[in-house]
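>>> I'll drop the sequence and a predicted model, then ask my questions.
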Amino acid sequence: MDKLFDLDLTLELLGFDFVQTALLAAAVLGLVAGALGPLIVMRRMSFAVHGTAELAFTGAAAALLLGVGVGYGALAGAVVAALLLGLLGGRESDRDSVIGVILAFGLGLGVLLLWFYPGRASNKFGILVGQIVAIEPTDVTVLLIAAVVVLVVLAVVYRPLLFMSVDPAVATARGVPGGWLAPLFAVLIGVATALGVQIVGALLVVALMVTPAAAAARVTASPLRATILAVVFAELAALGGIVLSLAPGAPVSFFVTAISFAIYLVCRVVEYVRGRAAGVNGGSSGEALSAASPEPAAPRPGTR
């Protein structure tokens, strides 16, 4: 237990270059995940994030086998997954089944590629649950470029995408081009998912892409406030997860998911307390209004 919360060791490790590189990468990932998360939740695409992560894992495994940067492979796999989801899952009724098919195929193929890989088992494990020591400065450069592209494209299409997410029927009637917005947003999700493979791993990247936004949605209905809160929550989970994992040397993904889940539970409690308070206040106001309202006078005899 002392090793888990060794403050001196944590402060010492924070001075290493690879830890600072990982923290920078996590901060960028938290920003991108927080910006995309509320739209993912509104569009009910949480399962799509998980399916995309599986093909990001497959691409990372292929890159590991070929001796290429894992980040490049994850990015390629995630973009392929996004395109497949956009092409095969056009109808909402087919989306879940298409995601399930792609998820199963991607995971199976990734396991086969890892079986072929003759290197260390820690490299294989790192793709699944994250490995901050594997993040190189060149990976951070790629991550920064990809993050800037995602955020710029999101800023350009945010208003029509938000309109399409809130009320697709009215948005279509107003001429919003939903036909190409959905595949474009899927690609943005794919790129962001690929960015998280080396930090939290392919299996648990959903903890940053969905959980902070789901927590924010519990405490506010405003898209702007939800986005700001989702970014804050994602940053707390990503950066806090890395810091807490340093002393024990445990996988980052556990701490990231634990912080995300704790934030979600707190937001659920806040939502519950607000709901109870609103119900009590609403009931009291209603009772006061009824008491203050004059009762209708009884009709006098002989009147209609």
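Thanks, I have the structure now.

>>> my guess is A62 contacts L113. True?
Yes - using Cβ atoms under 8 Å, A62 is in contact with L113, at 5.4 Å. C-beta here means a position set from N, CA and C on the backbone, and glycine is covered the same way.

>>> on the pLDDT front, check A230 for me.
Note on A230: pLDDT of 95.

>>> point out where the stretch 201-304 of the chain drops to low pLDDT.
203, 280-304 (pLDDT under 70).

>>> can you give me the helices in it?
Assigned by DSSP state H, counting those that start in this stretch, the helices in the stretch 201-304 of the chain fall at 206-209, 211-219, 223-246, 252-292.

>>> point out the most buried one among the ones you listed.
Compared across these, helix 206-209 shows the largest average neighbour count, a mean of 28 (mean count of other Cβ atoms under 10 Å).

>>> which strands and helices sit next to it?
Packing partners of helix 206-209 (3 or more Cβ pairs under 8 Å, 6 or more residues apart in numbering; DSSP states H and E): helix 17-42, helix 46-66, helix 178-195, helix 223-246, helix 252-292.

>>> output it in PDB with nothing but the alpha carbons.
Provided in PDB are the C-alpha atoms of helix 206-209 (Å, rounded to 0.1, in the frame of the first residue of the first chain):
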ATOM      1  CA  VAL A 206     -13.700   4.500 -24.100                       C
ATOM      2  CA  ALA A 207     -13.000   5.700 -20.500                       C
ATOM      3  CA  LEU A 208     -11.800   9.000 -21.900                       C
ATOM      4  CA  MET A 209     -13.900   9.300 -25.000                       C
END
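
>>> need the residues that contact it.
For helix 206-209, the external contacting residues (Cβ atoms under 8 Å, 6 or more residues apart in numbering) are 29-30, 33, 36-37, 40, 46, 49-50, 53, 189, 192-193, 196, 200, 234, 237-238, 253, 256-257, 260-261.

>>> please redo it, this time with the cut-off set to 7 Å
Contact partners of helix 206-209, identified using Cβ atoms under 7 Å, 6 or more residues apart in numbering, comprise 29-30, 33, 36-37, 40, 46, 49-50, 53, 192-193, 196, 200, 234, 237-238, 256-257, 260.

>>> what subset of those is buried?
Neighbour-count burial (16 or more other Cβ atoms under 10 Å) applied to those gives 29-30, 33, 36-37, 40, 46, 49-50, 53, 192-193, 196, 200, 234, 237-238, 256-257, 260.

>>> name the nearest residue to V19, sequence neighbours excluded.
L13 (5.5 Å; Cβ to Cβ, 6 or more residues apart in numbering).

>>> thought L244 was touching that neighbour, still the case?
No - checked against Cβ atoms under 7 Å, the pair L13 and L244 is beyond contact range at 11.4 Å.

>>> any idea which helix or strand comes after the strand or helix carrying R159?
Here R159 sits within helix 137-166, counting by DSSP states H and E. Sequence order places helix 168-173 as the next helix or strand after helix 137-166, per DSSP H and E.

>>> that next one: how far from the chain's middle?
26 Å (Cα atoms, centre = their mean, to the nearest Å).

>>> dump it to PDB, restricted to CA.
Provided in PDB are the C-alpha atoms of helix 168-173 (Å, rounded to 0.1, in the frame of the first residue of the first chain):
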ATOM      1  CA  PRO A 168     -32.000  15.200 -37.000                       C
ATOM      2  CA  ALA A 169     -35.500  15.500 -38.600                       C
ATOM      3  CA  VAL A 170     -35.600  19.200 -38.300                       C
ATOM      4  CA  ALA A 171     -32.000  19.500 -39.400                       C
ATOM      5  CA  THR A 172     -32.600  17.500 -42.500                       C
ATOM      6  CA  ALA A 173     -35.700  19.600 -43.300                       C
END
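
>>> buried residues, it. List them.
Neighbour-count burial for helix 168-173 flags A171 (criterion: 16+ other Cβ under 10 Å).

>>> who are the packing partners of it?
If you count contacts as 3 or more Cβ pairs under 7 Å, 6 or more residues apart in numbering; DSSP states H and E, helix 168-173 packs onto helix 178-195.

>>> if we use 10 Å, what do you get?
Here helix 168-173 touches helix 137-166, helix 178-195, going by 3 or more Cβ pairs under 10 Å, 6 or more residues apart in numbering; DSSP states H and E.
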